[in-house]
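[1] show me how the following folds:
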Amino acid sequence: MAAPADPADSSGAAASVSAASPANTVLTLGPPRHACHACGNCCTGWKVRLADDSERERVIRQAAELGVPDPIVAGELRQVDSVCVFLGADKLCRIHARYGEDEKPITCQLFPRRSVRAEDGIRFGVDPGCSSSWRSFATGPDLSLWFIPTGRDQHKKPGLAAVERKLVSLARSPGMTLARFASVLANDPIAAPDQFPKGMGTRLIDRLRAVIPLLEDRENGPLIGADLAATRTFLRRLGTARPLPSKRLPPLVVPPGLDAIVLDALQRTLYLRIGSDEIPPSGHALVVIGGALACLLADPRSDRFGPAFAAWSRVSRLDGFWEAFAPDTDAARWVLTGE
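    Got it, this is the predicted structure:
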């Protein structure tokens, strides 16, 4: 495998790799930093499929020694109320605690590492759906790059790939803010770095009320559900009247620290191509921005916003989310421009 490459040029934009570059070149948006805070969220909601017979046999042996009955169902780790049967009351993995990290299923060992095989090579980074990511994306230790999943093939058509590169480059621009990014996305004149396009926040929140049932889905797991509780409550309190009166929303001001969290997650969502291939890059960006505003308006404290926003990243990639949020191109255009 080639040495990890940083595709950031001097302007901070994602650099392209020539067609002659080897397909196994590893690309990142910078050091993929991460530190685990043992929140247990990675063991709730996710369904872990075991890799092969040897892994299944190892899990069965470990379960017998730990006193965990029927650890595997249909080739996946069994869950109880969407929680892995190996998650202890202390929110720690019992396999990890008894046998060490290397004895966990490979899927569990890899998370939150994420990779995708794109046109330019293997893109590698940290999944923004990890509930610790918001704390350590800037200052955490560099993840070991010797253990990188090759990822699934996820090539984009040249036009969409070009839009993706521009959006990633925009999010990485010096002095960028979420409001300014939203203004460029909406092709709206930028009045100030902290000023969103007129009415865009209201339109985003209006559409996001349609996804409340997905935020309440018990299959997300109790920990993810708890992190999204304030966001759900905020969206429900707005009622069902359409369109949403703008006077019912507080001013949209994003604190600098939260701005950095959102812009970083936005970059990784696009670069790692998280979510449905059917959604254009601008659509993924809209969902990230909308989730950030909903979580911010629900509770702007960083220790509440961070986990809620990470939980949003996970739920927003579920089947049906985009269809509820923007069922057609007219709905997406209305959110962006008001037209």
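
[2] mean confidence for the helix or strand hosting S115?
    Under the criterion of DSSP states H and E, S115 resides in strand 113-118. Mean per-residue pLDDT for strand 113-118: 91.

[3] give me the sheet partners of it and which way each runs.
    strand 121-126 (antiparallel), strand 152-153 (parallel) (DSSP bridges).

[4] how many neighbours does H96 have?
    18 (other Cβ atoms under 10 Å). In short, each C-beta sits where N, CA and C put it, glycine included.

[5] same check, this time on G100
    9.

[6] distance of it relative to G291?
    Distance, G100 to G291, using Cβ to Cβ, to the nearest Å: 35 Å.

[7] re the thing from before, please identify the deepest-packed of the strands paired with strand 113-118.
    Across the strands paired with strand 113-118, averaging neighbours per residue (mean count of other Cβ atoms under 10 Å) puts strand 121-126 on top, at a mean of 24.

[8] next secondary structure after it?
    helix 133-136.

[9] just the mean pLDDT for that following helix, thanks.
    93.

[10] check what pLDDT A13 gets.
    31.

[11] cool, G100 as well?
    94.

[12] with A230 instead?
    At A230, the model reports a pLDDT of 96.

[13] kindly report the same for the one 4 residues further on.
    For F234, the pLDDT comes out at 91.

[14] can you tell me the closest non-neighbouring residue to it?
    A298 (3.8 Å; Cβ to Cβ, 6 or more residues apart in numbering).

[15] swap in V68?
    V85 (5.3 Å).

[16] where's the one you found relative to V48, distance?
    From V85 to V48 the distance is 11 Å (Cβ to Cβ).

[17] any residues in contact with both of the two?
    By Cβ atoms under 8 Å, 6 or more residues apart in numbering, V85 and V48 have these common neighbours: L77.

[18] more neighbours: those two, which one.
    V48 (22 against 18).

[19] distance of that one relative to L87?
    In terms of Cβ to Cβ, V48 sits 11 Å off from L87.

[20] same question, G121
    As judged by Cβ to Cβ, G121 and L87 stand 35 Å apart.

[21] which phi and psi does the nearest residue to P255 once chain neighbours are set aside have?
    Nearest non-adjacent residue to P255, counting by Cβ to Cβ, 6+ apart: P300, 6.7 Å away. Here is the backbone geometry of P300 (degrees, to the nearest 10): phi -80, psi 0.

[22] surely P300 and D259 touch.
    No - if you go by Cβ atoms under 8 Å, P300 and D259 don't touch, sitting 11.6 Å apart.

[23] looking at the two, which one has more neighbours?
    D259 (20 against 14).

[24] report the contact partners of the more buried one.
    Contacts of D259 (Cβ under 8 Å, 6+ apart): 177-178.

[25] so for it, what's the pLDDT?
    92.

[26] okay, now G175: neighbour count?
    6.

[27] that one: what's it in contact with?
    P193.

[28] flag the shaky bits of the protein, pLDDT-wise.
    1-22, 144-150, 190-192, 239-251 (pLDDT under 70).

[29] could you redo the last one with a cut-off of 80?
    1-24, 144-151, 189-194, 239-253 (pLDDT under 80).

[30] just give me the longest helix of it.
    The longest helix of the chain (DSSP state H) is helix 281-298.

[31] could you point out the helix or strand that follows it?
    helix 302-315.

[32] for whichever helix or strand comes after that following helix, name the packing helices and strands.
    For helix 302-315, the following helix or strand on the C-terminal side (DSSP H and E) is helix 321-325. Packing contacts for helix 321-325, counted by 3 or more Cβ pairs under 8 Å, 6 or more residues apart in numbering; DSSP states H and E, involve helix 212-215, helix 281-298.

[33] per the record, what domains does this structure have?
    Following automatic domain parsing, one finds the domains of the chain at 47-96, 158-337.

[34] show me how far the shortest one is from its chain's centre.
    Just to be clear, that refers to domain 47-96. 25 Å (Cα atoms, centre = their mean, to the nearest Å).

[35] ends of that domain, how far apart?
    18 Å (Cα to Cα, to the nearest Å).

[36] tell me how far the residue nearest to F234 lies from E101.
    34 Å.

[37] more crowded one of the two?
    Legend: neighbour count by other Cβ under 10 Å for A298 and E101, higher for A298 (19 against 12).

[38] right, and the more buried one touches A308 too?
    Yes - using Cβ under 8 Å, A298 is in contact with A308, at 6.9 Å.

[39] tell me, what's touching those two both at once?
    230-231.

[40] that older thread, closest to R236 out of the helices and strands packed on helix 321-325?
    The minimum distance between R236 and the helices and strands packed on helix 321-325 falls on helix 212-215, with 6.3 Å, by Cβ to Cβ.

[41] residues making contact with that closest one?
    Contacts of helix 212-215 (Cβ under 8 Å, 6+ apart): 228, 231-232, 235-236, 315, 318, 320-321, 324.

[42] coming back round to it: the strands paired with strand 113-118: which one's closest to A38?
    Among these, if distance is taken as Cβ to Cβ, the winner is strand 121-126, at 16.3 Å.

[43] circling back to that earlier point, contacts only, for the residue nearest to V68.
    Applying Cβ under 8 Å, 6+ apart, the residues near V85 are 63, 68, 71, 77-79.
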